[in-house]
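**Q** Sequence and predicted model, in that order:
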Amino acid sequence: MIATAGDAGYVRLWDKRLFDQNSKPIGCYVGHGSGIVSLDFKRHEYQICSSSKDWTIKLWDLRKFN
């Protein structure tokens, strides 16, 4: 899994097995009110943590996404 984020305020989740120049994210996490500055996740857990410029930290479940 690859996670990307930016000033749009959401996290995109990608499957690196399906990754090419025409690929689309397999999921998206929406909830921050401002840009995301940091992402962190562990290899064997189903969670990802994001921190934002709006001073919030969110913990996302990788098994559930929009």
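**A** Great, that's in hand.

**Q** and the gap between Ile2 and Leu62?
**A** Noted for Ile2: a distance of 12 Å to Leu62, by CB to CB, to the nearest Å. Any C-beta I mention is one placed from the backbone N, CA and C, and that applies to glycine too.

**Q** Once you drop chain neighbours, what's closest to the spatially most central residue of the chain?
**A** Centroid-nearest residue in the chain: Val11, 3.0 Å away (criterion: CA atoms, centre = their mean). Leaving aside its chain neighbours, Val11 sits nearest to Tyr29 (4.2 Å; criterion: CB to CB, 6 or more residues apart in numbering).

**Q** ditto for Gly9
**A** In space, Gly9 is closest to His32, 4.2 Å off (CB to CB, 6+ apart).

**Q** Report how many residues lie close to the one you found.
**A** Neighbours of His32 under the rule other CB atoms under 10 Å: 21.

**Q** Next, give phi and psi for it.
**A** Torsion angles at His32 (phi, psi; degrees, to the nearest 10) stand at phi -80, psi 150.

**Q** And for Leu18?
**A** The phi/psi pair for Leu18 (degrees, to the nearest 10) is phi -110, psi 10.

**Q** what sits against the spatially closest residue to it that is not a sequence neighbour?
**A** Leaving aside its sequence neighbours, Leu18 sits nearest to Ile26 (CB to CB, 6+ apart; 7.5 Å). Ile26 makes contacts with 13-15, 18, 65, as judged by CB atoms under 8 Å, 6 or more residues apart in numbering.

**Q** Tell me the secondary structure at the residue nearest to Val11.
**A** Assigned by DSSP: H, G, I helix; E, B strand; the rest coil, the conformation of Tyr29 is strand.

**Q** which residues in this protein form helices?
**A** For the chain, helices defined by DSSP state H do not occur.

**Q** which stretches of this structure have low pLDDT?
**A** By pLDDT under 70, the weakly predicted segments of the chain are 66.

**Q** All good on my end, thank you.
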